[in-house]
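Asker: sequence and predicted structure below; questions after.
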Amino acid sequence: PPRAALRVGAGADGEVGGRRIKATGCPALTKERKTSMRTRMAASDRIILGPLVAAIDQGTSSTRFLVFNAKTAELLSHHQVEIKQQFPKEGWMEEDPKEILQSVYECMERTCEKLSQLNIDISNIKAIGVTNQRETTLIWDKDTGEPLYNAIVWLDLRTQSTVERLISKTPGRNKNHLKHKTGLPISTYFSAVKLRWLLDNVEEVRQAVLSGRAMFGTIDSWLIWSLTGGKDGGVHCTDVTNASRTMLFNIHTLDWDPELCHYFDIPMEILPKVRSSSEIYGLMKICSNLKSGSLTGIPISGCLGDQSAALVGQMCFQDGQAKNTYGTGCFLLHNTGRKPVMSDHGLLTTIAYKLGRDKPACYALEGSVAIAGAVVQWLKDNLGIIESAEEIEKLAAVVGTSYGCYFVPAFSGLYAPYWEPSARGIICGLTQFTNRSHLAFAALEAVCFQTREILDAMNQDSGIPLTQLQVDGGMTSNRLLMQLQADILCIPVVKPSMPETTALGAAMAAGAAEGVSVWSLNPEDLTAVTSERFEPQINPEESEFRYARWKKAVQKAMNWESTEPVTNGNGEHCSSGFTDLYVQY
């Protein structure tokens, strides 16, 4: 909002409330009187917006801090910092927990500076919510506050041999052996096997566990513990949505499960306390000499894994409502209400949210795609065919077709609906005519085809086909992608005009918490969302033909890797399998 300002001094023109005024015949002001007058005016001109709520959005590739008006859901200001991803070995992916925490502090500081420049009073921020990349796993020392190893990111594959060994020991080699309690297949994706790897392979972790100093958490736990005091009284907790992604949490009892912890041999004393998604966990503690120091004492009162936060931010509170988020990966969540629905078609059963200590948990079916926006990053960083992620839309639009080229970006195997870790990325249908524009178009189509696969599975499980798809996430700014998605799904795609629905969901949970109560989640009080609609523009026969070709390409990507040693014909082992790539235990 424009700040009202009046330049002082004899004969100076000024502007108040958007109206020009002429100051005539004013007596000359001394320097001291001018300074005093400006100070009083700055205080009186501060824009009064009612209660504000902030959100920390810590994702795989960046961190953001955003501030919303609790009455209108308007985004007032934000700041974003990119996070460096580390790839120490093939298939491994890590991030520095201290860099993640520092990025949060930097985003808070810069956002508070921007709010001050807008003349918005920071003291109006009444609560802070946290939303985060899920499954990413870390352990730290509660006495020193230091991480004991880098955070192992959800996409990391180092535990593949472990997963295969666990599956081989289940009756019938069934990857869904634990699904009745967890809603999840045994997979490298989830936290338990990453935590097991840390306990077996990092001596500092092992010693910290033995001496009672170790704390485990996903990113939300690390941030809340650090921001509420860290080693000086920080709160060690998580919420039900994040806990439900660990394979250690019983989605029916809503607590850590002793049998699951025993199965993975995880000591329960290192686990955080599980709380609801909307309650006061603790109060912020920040250095007072920073601009963001004025956030000290504000409650952290909302916590949701990023996909659950987007579901809340899209206001999908009714059984049957769904949303698809396009970020590093792609995640379609379908609200199933208070009853967990087990999928027969490769989807996950997860906690959608629990908006209060005394409120019921709501569940969702989820289709998880590992690589969406990450394929654009790969084209930029690994192939160098674009210089920025934004360029891909223009490059793909040059040709408007993949010209028969199909790209299956199974860089981390395939997630839903296949759960096939041995798959690897493949580009097929190449001819001498194929150029980088066709490849860019095929990469965008790949995101859409993967969404089609999980939407088909969702429709089969629910029995009620979606008639439109609500979308959000960074990639939705690509209008070509959104039109392609409508064409490939043969249903309309609806994008909110305010794309930050993940952060909005965390802010809503925080503002609605008991003891804060500045954000009403009553249906009649929810702000109407303006949106843009993309209608299908190709005939269904063409869509089905392209989708069938995609499915053929997926089959060619299957069973590419193996954990079995490969020989070169002379009985000597080659290093083409996982055996040489991953530390085993």
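Answerer: Looks like it came in fine.

Asker: after the longest helix anywhere in the chain, next one along is what?
Answerer: Ranked by residue count under DSSP state H, the longest helix found in the chain is helix 436-462. Downstream of helix 436-462, the next assigned helix or strand under DSSP states H and E is strand 469-472.

Asker: please name every helix or strand in contact with the next helix or strand after that next one.
Answerer: Downstream of strand 469-472, the next assigned helix or strand under DSSP H and E is helix 479-489. Under the contact definition 3 or more CB pairs under 8 Å, 6 or more residues apart in numbering; DSSP states H and E, helix 479-489 sits against helix 391-397, helix 436-462, strand 469-472, strand 493-496, strand 531-534, helix 540-557. In this view, the C-beta of every residue, glycine as well, is placed from N, C-alpha and C.

Asker: so how far is residue 115 from the closest residue to residue 122 other than its chain neighbours?
Answerer: Using CB to CB, 6 or more residues apart in numbering and skipping the chain neighbours, the partner closest in space to residue 122 is residue 294 (4.9 Å). Distance, residue 294 to residue 115, by CB to CB, to the nearest Å: 10 Å.

Asker: neighbour count winner among the two?
Answerer: Taking other CB atoms under 10 Å, residue 294 and residue 115 do not tie; residue 115 has more neighbours (23 against 17).

Asker: give me the pLDDT value at the more buried one.
Answerer: At residue 115, the model reports a pLDDT of 92.

Asker: ok, it to residue 65 distance?
Answerer: 11 Å.

Asker: returning to what we had before: which of the helices and strands packed on helix 479-489 is buried the deepest?
Answerer: Stretch with highest mean neighbour count among the helices and strands packed on helix 479-489: strand 469-472 (a mean of 25; mean count of other CB atoms under 10 Å).

Asker: may I have the strands that pair with it, each with its orientation?
Answerer: Here strand 469-472 has these sheet partners by DSSP bridges: strand 322-326 (parallel), strand 493-496 (parallel).

Asker: shouldn't residue 416 be within a helix?
Answerer: No - counting by DSSP: H, G, I helix; E, B strand; the rest coil, one finds residue 416 to be coil, located in no helix.

Asker: can you tell me how far it is from residue 489?
Answerer: 16 Å.

Asker: of the two, who's got more company?
Answerer: More crowded of residue 416 and residue 489, by other CB under 10 Å: residue 416, with 26 against 23.

Asker: got the contact list for that one?
Answerer: Going by CB atoms under 8 Å, 6 or more residues apart in numbering, residue 416 touches 346-348, 366-369, 453-454, 457.

Asker: and which of the residues you listed is nearest to residue 183?
Answerer: Sorting the contacts of residue 416 by how near they are to residue 183, with CB to CB, puts residue 348 at the top with 5.8 Å.

Asker: with adjacent residues omitted, what lies nearest to the closest one?
Answerer: residue 366 (4.4 Å).

Asker: so that neighbour is in which element?
Answerer: Assigned by DSSP H and E, residue 366 belongs to strand 362-369.

Asker: how about a markdown table for the helices and strands packed on helix 479-489, with mean pLDDT added?
Answerer: Formatted as a markdown table, the helices and strands packed on helix 479-489 follow (pLDDT from 0 to 100):
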| stretch | mean pLDDT |
| --- | --- |
| helix 391-397 | 90 |
| helix 436-462 | 92 |
| strand 469-472 | 90 |
| strand 493-496 | 91 |
| strand 531-534 | 89 |
| helix 540-557 | 91 |
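
Asker: mind checking the ones you listed for the one nearest to residue 163?
Answerer: The closest of the helices and strands packed on helix 479-489 to residue 163 is helix 540-557. By CB to CB, the value is 18.7 Å.

Asker: coming back round to it: need the strands paired with strand 469-472 in TSV (columns: distance to residue 354).
Answerer: Shown next, in TSV, are the strands paired with strand 469-472 (distance: least, CB to CB, whole Å):
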stretch	distance to residue 354
strand 322-326	18
strand 493-496	24
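
Asker: closest to residue 552 out of the ones you listed?
Answerer: Closest approach to residue 552 among the strands paired with strand 469-472 (CB to CB): strand 322-326, 23.9 Å.

Asker: that closest one - what's its average pLDDT?
Answerer: Here strand 322-326 scores 90 as its mean pLDDT.

Asker: in its sheet, what does the helix or strand following that strand sit against?
Answerer: Downstream of strand 322-326, the next assigned helix or strand under DSSP H and E is strand 330-337. Here strand 330-337 is paired, per DSSP bridges, with strand 322-326 (antiparallel), strand 362-369 (antiparallel).

Asker: how far does the strand holding residue 366 sit from its chain's centre?
Answerer: 14 Å (CA atoms, centre = their mean, to the nearest Å).

Asker: helices of the stretch 201-350 of the chain, start to end?
Answerer: 203-210, 219-227, 240-243, 258-264, 306-313 (DSSP state H, counting those that start in this stretch).

Asker: buried deepest among these, which one?
Answerer: Buried most deeply of the helices of the stretch 201-350 of the chain, by mean count of other CB under 10 Å, is helix 306-313, with a mean of 30.

Asker: quick check: angle from that helix to helix 219-227?
Answerer: Per axes from the mean of the first three to the mean of the last three CA atoms, to 10 degrees, the angle that helix 306-313 makes with helix 219-227 is 90 degrees.

Asker: distance between helix 306-313 and the chain's centre?
Answerer: Relative to the centre of its chain, helix 306-313 is centred 9 Å away, using CA atoms, centre = their mean.

Asker: now do stretch 286-306
Answerer: 20 Å.

Asker: and that stretch, average pLDDT?
Answerer: Here the average pLDDT along stretch 286-306 is 84.

Asker: what's the span of it, first residue to last?
Answerer: With CA to CA, to the nearest Å applied, stretch 286-306 spans 24 Å between its terminal residues.

Asker: just checking, what packs against the very next helix or strand once past the strand holding residue 366?
Answerer: Going down the chain from strand 362-369, the next helix or strand is helix 373-378, by DSSP H and E. Contacts defined by 3+ CB pairs under 8 Å, 6+ apart place helix 373-378 against helix 436-462.

Asker: how about a cut-off of 10 Å?
Answerer: Counting contacts by 3 or more CB pairs under 10 Å, 6 or more residues apart in numbering; DSSP states H and E, helix 373-378 packs against helix 391-397, helix 436-462.

Asker: to residue 149, which of those helices lies closest?
Answerer: Closest to residue 149 of the helices and strands packed on helix 373-378 is helix 436-462 (CB to CB; 31.3 Å).

Asker: next, the angle helix 479-489 makes with that closest one.
Answerer: Going by the same axes, to 10 degrees, helix 436-462 makes 50 degrees with helix 479-489.

Asker: just want the angle from helix 436-462 to helix 540-557.
Answerer: 100 degrees.

Asker: off-centre distance for helix 436-462?
Answerer: Centroid separation for helix 436-462 versus its chain: 19 Å, with CA atoms, centre = their mean.

Asker: can you check stretch 101-110 too?
Answerer: Stretch 101-110 sits 17 Å away from the centroid of its parent chain (CA atoms, centre = their mean).

Asker: run through who's touching it.
Answerer: For stretch 101-110, contacts defined as CB atoms under 10 Å, 6 or more residues apart in numbering pick out 54, 56-58, 62-67, 77-84, 96, 128, 130, 145, 147, 219, 222-223, 225-227, 230, 284, 286-287, 290-293, 295.

Asker: list the contacts of residue 301.
Answerer: The neighbours of residue 301, taking CB under 10 Å, 6+ apart as the test, are 53, 126-130, 277-283, 509-517.

Asker: mind showing which ranges of this structure have poor pLDDT?
Answerer: 1-48, 287-292, 528, 562-585 (pLDDT under 70).

Asker: for the host helix or strand of residue 65, packing partners?
Answerer: Per DSSP H and E: residue 65 is located in strand 62-69. Packed against strand 62-69 by the contact rule (3+ CB pairs under 10 Å, 6+ apart) you find strand 52-58, strand 75-82, helix 97-117, strand 125-132, helix 501-511.

Asker: what residues does the closest residue to residue 465 other than its chain neighbours make contact with?
Answerer: Closest residue to residue 465 apart from its sequence neighbours, by CB to CB, 6+ apart: residue 459 at 4.4 Å. Contacts for residue 459 (CB under 10 Å, 6+ apart) come out as 334, 345, 465-466.
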